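Undergrad: could you look at this predicted model? Sequence included:
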Amino acid sequence: MNKKIVIISAVLIIVVISISFNQNNDKNSNMVFHVTLADPNLYKNGIYSNTFTASNGNYLIKFVPNGDSPQLLTVLLKGKNYDFSENFKLEGTVHKTGISKYYTWDYNGQKEFSIPNQQTLVIEINPNGNELGSVSVDIIRN
């Protein structure tokens, strides 16, 4: 009897891991751009720049900031027939529990955009002087 419980438990664990792995792969397959800016050497004249290809569709900019991230982060996307620019402002939300207080961080601004046709885009990320504050930036197709 105990042997059956162990086998069933092992099968359930494998199924849960498999489902989780497939969900993570789906999320990653929609990612068209990722960078973690945590080194001043990634910037040239105070701006990070790179290129990526995006097909037509809707996209979302996601951030993984912290309290040391740049207070203002300017993101520009430039293509053959596309321009997008937004100044994102870092804002902290305080959370209080019975015994502690902590913050979560996010950038406020227009995070959704649409690309009219497939093209190569230049992305420029300007931390507005704060090249030491770390932040990850992802562009995900919706």
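TA: Good, I have the coordinates.
Undergrad: tell me what Thr104 is bridged to.
TA: Thr104 forms beta bridges with Thr93, as assigned by DSSP bridges.
Undergrad: please report the distance of it from Gly79.
TA: Separation of Thr104 from Gly79 (CB to CB, to the nearest Å): 33 Å. Where C-beta positions appear, they are placed from N, C-alpha and C, glycine not excepted.
Undergrad: again, but for Leu90
TA: Distance from Leu90 to Gly79, by CB to CB: 27 Å.
Undergrad: tell me which of those two has more neighbours.
TA: Leu90 (21 against 18; other CB atoms under 10 Å).
Undergrad: tell me how far stretch 75-89 lies from the chain's centre.
TA: 16 Å (CA atoms, centre = their mean, to the nearest Å).
Undergrad: and the end-to-end length of it?
TA: 11 Å (CA to CA, to the nearest Å).
Undergrad: check which residues of that stretch are buried.
TA: In terms of neighbour count (16 or more other CB atoms under 10 Å), stretch 75-89 has its buried residues at Val75, Leu76, Leu77, Lys78, Gly79, Phe84, Glu86, Phe88.
Undergrad: list of residues touching that stretch?
TA: 54, 61, 63, 71-74, 107-111, 113, 115-117, 119-126, 137 (CB atoms under 8 Å, 6 or more residues apart in numbering).
Undergrad: tell me which of those residues fall in strands.
TA: 54, 61, 63, 72-74, 107-108, 113, 115, 119-126, 137 (DSSP state E).
Undergrad: are any of those buried, and which?
TA: 54, 61, 63, 73-74, 107, 113, 115, 121, 123, 125-126, 137.
Undergrad: would you format those residues as a markdown table with pLDDT and distance to His34 included?
TA: Formatted as a markdown table, these follow (pLDDT from 0 to 100; distance: CB to CB, whole Å):
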| residue | pLDDT | distance to His34 |
| --- | --- | --- |
| Ala54 | 96 | 13 |
| Ile61 | 98 | 11 |
| Phe63 | 98 | 11 |
| Leu73 | 97 | 15 |
| Thr74 | 98 | 18 |
| Tyr107 | 97 | 16 |
| Phe113 | 97 | 17 |
| Ile115 | 95 | 17 |
| Leu121 | 97 | 14 |
| Ile123 | 98 | 11 |
| Ile125 | 98 | 12 |
| Asn126 | 98 | 18 |
| Val137 | 98 | 7 |
